[in-house]
Every structure is written in C-alpha cells, then in structure tokens.
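Novice: Requesting a structural model of the entry that follows:
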Amino acid sequence: MKRLRILTWHVHGNYMYYLSQVPHDFYLVRDAAGSPHHTGRSGQLPWGDNVHDAPVEQLASMPFDVVLYQSRQAYDTEQHTLLSNAQRRLPRIYLEHDPPQGHPTDTRHWVDDPDTVLVHVTPFNALMWDSGRSPVVVIEHGVKLINEVRYAGTRPEGLVVVNHLRTRGRRLGADVYDAVRQRVPLALAGMDASAMPGGLGEVSQLALGQLMASYRFFFHPIRYTSLGLALIEAMMVGMPIVGLATTELSTVITPGREGHIDTRLEPLVAAMQQLVADPEGARRMGEAARQTALARFHIDRFVSDWLQLLNQVTR
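Specialist: Model prediction:
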C-alpha cells in the first residue's frame, strides 16, 4: 500500500511514539501555545522522521489520506473548526484510549457513526462501551522499550506509576496505595507524585525503564482503567506484577506465574511481602511477565494490526 499521510493529535505521548512505529507519515496538530493535544512533535521521545508538526493555521490546506481522532474535543469540535469539508470526508478512525468514564456499561460512545471506525485498545473497553453504529476494531497495545533495560530488582520495594494519583482518587486507587504502603515499602512515580508519601516525582520517559528495573515488583492499584502502558513496559523490563484483578489486567496476569492479582488487599499484601523476601522468586515471575508481554504486546504485532486497519479504511 502507498505511504499514507495521517492527521492526528498528540494525546498520549508513549502511545503516539509506539503508533509512529507504523511505517506511514503522522502529522500532529500544533498551535503556537502548545496547548493540550496541540503540542505536535514535542517532548523527549525519540521521534522518527515520519512524525511531523501540523500547524493549526495551515491544517485546512494540507493534504492528508486519513484522519485519526483521539479525543472528544477533536471529534466534536475541531473537525468542524480546523478542517476543510474535503478533509472531513476523508477515511476516519476514532481511537478510544479509555473505558467509559460515566456509567460503566450503559454509556453510548459519542462517535456512533457507521462511517467511522472505532478502535478500542483492550477487549475490556470494547465490552464496556456501547459503541452504537460504529464498526469496532480492537487493537491491543504494542510496546517497544525506548531504552533496552533488564530487570535487576535490587531495591526491595514496589514501584507504582500513576500520574496525579492524589487528585484522581479512588478510581486510580489512591486509597489502595495509602493502605498498602502502611505494610509494604512502595514508591510512587508520576506527575505530582511528590505530593504523596513515597513520591519520587515525575520521571522522564527516557529514564523510567531504568528506574523500573531497580525495583523488586510493580504494583498496579487502579480499580478501573484501560490497560496502562507503564504496566506493560514494566513487564517488558521483566518486573513481576501485583495488582487488582479488575479490567483487562485479569486476562494478562495469571496468579503465581507473572505475579499476583486479587480483589482483596490482604492476599496482595502477602504476595508483595513474599516478593520482597524472595528476590529469586521475584526474578522468575518477572521473566514470565516479560515472556507474556513479548507474546501479547510485541510492537511487530501492533504495527501489523494498524497496517491492516489502515489498508481497510483507505482501499
């Protein structure tokens, strides 16, 4: 197939980096202020030559082959205020990163359009959304570590990676983190992490892998989310995973193999304490987690899935 020019928005940095491994050209909307979702080719990620800025003042006159929406604002508003009539008629995809934030089962997705492919990033998300008339495709995450680091686990603590955990509350597991940290040594990385006990502050995407590799295990306290890229990256590094047996994570981790999952905190605390006490057992589980991640979330599978979808919508 020909090399496509794909217009999209910079919504989730690491996901956009992984998506840019697809061998097409990606044009990221950018405004002079670098406002949210309009930051273009920004940050410290090692963008390839196929990632370009798309200045908002030039958008309507730029040639594209596909429009890839990634937020409700872009779909509901900006396609009408920034794009030309011809651009709005191009093949279009909406990439939904999250499960419903309203009612978990009865929320109708706002796209609801038989001419727009709705891509969900986990089977769980596809199950929970009412996707209406939109054709649905599930493309699970694919991860390519920015720096190839391997697990050491020398620090007998768990690592949690969540942005703004303090203000995002119960859904992201702020209370779970607080309760578990009373009994197990835990550190927290992410935006505003320093506002909570054990907070390390924000860690750059280039340094996160090396930080992960030094901790004994990765703890995922989130009750309700999609499947976090940081968790998959931790698996790729070779960390054992401990988390709540909810959402897509319940299909990824087999208790006793890649780590431990449960809906009860007591067994999770006991599992973490065991990992702290048994570094060799933690290493074995971490290696199993790495093998699972390579089998399910390899970047080559991800790229292949996106190539197939782009071929379908443009042929």
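
Novice: Got the domain ranges for the protein?
Specialist: Listed by automatic domain parsing, the domain ranges of the chain are 5-142+299-314, 155-296.

Novice: Deepest-packed of those, please.
Specialist: Among the domains of the chain, ranked by average contacts under mean count of other CB atoms under 10 Å, first place goes to domain 155-296 (a mean of 19). The C-beta positions use only the backbone N, C-alpha and C, and glycine is treated the same way.

Novice: residue boundaries of the strands in the stretch 51-200 of the chain?
Specialist: For the stretch 51-200 of the chain, the strands defined by DSSP state E, counting those that start in this stretch cover 51-55, 66-69, 92-96, 116-120, 136-138, 155-161, 186-189, 199-201.

Novice: I'd like the ones you listed written out as a markdown table, with distance to residue 2 and mean pLDDT added.
Specialist: Conversion of the strands of the stretch 51-200 of the chain to a markdown table gives the following (distance: least, CB to CB, whole Å; pLDDT from 0 to 100):
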| stretch | distance to residue 2 | mean pLDDT |
| --- | --- | --- |
| strand 51-55 | 17 | 97 |
| strand 66-69 | 12 | 98 |
| strand 92-96 | 17 | 98 |
| strand 116-120 | 19 | 98 |
| strand 136-138 | 21 | 98 |
| strand 155-161 | 39 | 98 |
| strand 186-189 | 41 | 97 |
| strand 199-201 | 45 | 92 |
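
Novice: nearest to residue 148, of the domains of the chain?
Specialist: Residue 148 sits nearest to domain 155-296 of all the domains of the chain, at 8.1 Å, using CB to CB.

Novice: Out of the domains of the chain, the one nearest residue 149 is which?
Specialist: Among the domains of the chain, the nearest to residue 149 by CB to CB is domain 155-296 (4.5 Å).

Novice: okay, how far is it across that closest one, tip to tip?
Specialist: In domain 155-296, first residue to last residue: 28 Å (CA to CA, to the nearest Å).

Novice: How far away from the center of its chain is that domain?
Specialist: Distance of domain 155-296 from its chain centroid, counting by CA atoms, centre = their mean, to the nearest Å, is 15 Å.

Novice: circling back to that earlier point, kindly present the domains of the chain as TSV, with separate columns for distance to residue 149.
Specialist: Shown next, in TSV, are the domains of the chain (distance: least, CB to CB, whole Å):
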stretch	distance to residue 149
domain 5-142+299-314	15
domain 155-296	5
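
Novice: ok, back up a step: so for residue 38, which of the strands of the stretch 51-200 of the chain sits nearest?
Specialist: Short answer: strand 51-55, nearest of the strands of the stretch 51-200 of the chain by CB to CB, at 9.5 Å.

Novice: Mind giving me the packing neighbours of the closest one?
Specialist: In this structure, strand 51-55 makes packing contacts with strand 25-30, judged by 3 or more CB pairs under 8 Å, 6 or more residues apart in numbering; DSSP states H and E.

Novice: Thank you, goodbye.
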